[in-house]
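# Dropping the sequence and predicted coords here.
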Amino acid sequence: MAALAALCAQACAPAPSPPPLESVPVLQARYLGAFGEQGDQEGQFNKPAGLSLSNDGTLYVADAGNHRVQAFNPNGVFIRAYGRFGRDAGEMDQPVDVAVRRQARTLLYIAERGNARVQALDTQDERYWTLIQDDGSGSFEPSGVAVGRAGDVYIANAASLSIMRVSPQGYVQWTRGMPLIPLRMPARLRVGPDGAAVVADPLGGRVARVDFAGSPMDSWEDAQIGAPAAAAVDSEGRWYVCDIRKKRIAALDPQGCPTGFFGEGTLSEPVGAAVSKNNVLYVADQGEHNVKRFRLLNRNRAEGLLP
């Protein structure tokens, strides 16, 4: 696949390149409010980070500073918490991201920066196990985790500036050795409907895409996106990028063309996002230690209605 910038130019023809973000109409999004506050009690947060949604609408939040993952219903009502500080099974140290395997059984994959591992949890029987961890060399520091439709687990590794994929059978494939756009700081990542992983690279000022099918890594950059910390994707492949520098969300179509931005004046430090089936965008705001909700209202620049 050609670079996302090239795809964007083709998709937005006759323009030779993607238009600046401010040159397109602002995607409308209605702010629905926030839940949570700073603290260590049920429903409170200390540096919330990655978010993930299950098929039933349960929202899982990596509560990094409290060393746990919390579960909420779609309206932000606390359900329960998993984990406590430590290194043993069921314990956590700075969980920075969480991903849900959306099958018959709900499996959580938790990227722990402090323990340098990805821990898995079967929520049905509350069984924990380690999927992968650092071998003591310091070459593994998970900064993001995502799950593909086939059950593959994708992990951003800040230590080696690379992405890895773990198949359900345990086969590991790295982006090292592939033709790469150098990543400066891979952060949270998600998998789109096409099966490709998109990772936020805040130091590089871009999002990067890799399909693990032998293609070079693609990237999309725009001067109007300062420091992307995370990206969420909806069922039709539209991306919503958390920009911690500009304190807003940038919306991109499946080809990487900008379709607007929102959240300015509402967001303080957006670092994680997830989109529900009914088009509610959840954003982890680390600066205010809460999770904010937005109703997405626009489909695209031309039609103006999001289903």
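Received the coordinates, thanks. Note that the structure is predicted; figures quoted are calculated from it, not measured.

# For this structure, just list every one of the helices.
Using DSSP state H, the helices of the chain run over residues 4-11.

# give me the low-pLDDT residue ranges for it?
For the chain, residues meeting the criterion pLDDT under 70 lie at 1-27, 176-180, 214, 216, 298-307.

# what do you get if the cut-off is 80, keeping everything else the same?
For the chain, the stretches with pLDDT under 80 are 1-28, 102-104, 176-181, 213-217, 220-223, 298-307.

# Do you have the strands of the stretch 101-250 of the chain handy? List them.
106-112, 117-122, 127-133, 142-147, 153-157, 162-166, 172-174, 189-191, 197-201, 206-210, 218-221, 228-233, 239-243, 248-252 (DSSP state E, counting those that start in this stretch).

# With mean neighbour count and distance to G86 as new columns, can the ones you listed be given to me in a markdown table?
(Each C-beta comes from the backbone N, C-alpha and C, glycine too.) Below are the strands of the stretch 101-250 of the chain laid out as a markdown table (neighbours: other Cβ atoms under 10 Å; distance: least, Cβ to Cβ, whole Å):
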| stretch | mean neighbour count | distance to G86 |
| --- | --- | --- |
| strand 106-112 | 25 | 11 |
| strand 117-122 | 21 | 11 |
| strand 127-133 | 14 | 11 |
| strand 142-147 | 26 | 17 |
| strand 153-157 | 26 | 21 |
| strand 162-166 | 21 | 24 |
| strand 172-174 | 13 | 26 |
| strand 189-191 | 25 | 26 |
| strand 197-201 | 28 | 29 |
| strand 206-210 | 26 | 33 |
| strand 218-221 | 22 | 38 |
| strand 228-233 | 26 | 26 |
| strand 239-243 | 27 | 29 |
| strand 248-252 | 26 | 34 |
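
# Now tabulate those in TSV and tack on distance to Q41.
Output for these, formatted as TSV (distance: least, Cβ to Cβ, whole Å):
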stretch	distance to Q41
strand 106-112	21
strand 117-122	22
strand 127-133	23
strand 142-147	26
strand 153-157	30
strand 162-166	35
strand 172-174	39
strand 189-191	29
strand 197-201	30
strand 206-210	35
strand 218-221	40
strand 228-233	25
strand 239-243	26
strand 248-252	28
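
# how about those strands, which one is nearest D40?
Nearest to D40 among the strands of the stretch 101-250 of the chain is strand 106-112 (17.7 Å), distances taken as Cβ to Cβ.

# returning to that earlier point: nearest to G272, out of the strands of the stretch 101-250 of the chain?
Smallest distance to G272 across those (Cβ to Cβ): 4.9 Å, for strand 228-233.

# what angle do the closest one and strand 206-210 make?
Taking axes from the mean of the first three to the mean of the last three Cα atoms, to 10 degrees, one finds strand 228-233 and strand 206-210 inclined to each other by 50 degrees.

# what pairs with the closest residue to L189 other than its chain neighbours across the strands?
Excluding the flanking residues, the one nearest L189 by Cβ to Cβ, 6 or more residues apart in numbering is V199, at 3.8 Å. For V199, the beta-bridge partners under DSSP bridges are L189, A208.

# residues in contact with V199?
144, 156, 163, 183, 186-189, 207-210, 231 (Cβ atoms under 8 Å, 6 or more residues apart in numbering).

# distance of it from N278?
26 Å (Cβ to Cβ, to the nearest Å).

# do you know how far Y240 is from S162?
For Y240 relative to S162 (Cβ to Cβ), the value is 24 Å.

# An error on my part: the question was meant for L51.
23 Å.

# neighbours around R102, how many?
15 (other Cβ atoms under 10 Å).

# Output the contacts of V199 in CSV, with distance to G265 appended to each entry.
Output for the contacts of V199, formatted as CSV (distance: Cβ to Cβ, whole Å):
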residue, distance to G265
G144, 27
A156, 30
I163, 34
L183, 31
P186, 29
A187, 24
R188, 23
L189, 28
V207, 24
A208, 29
R209, 30
V210, 34
A231, 22
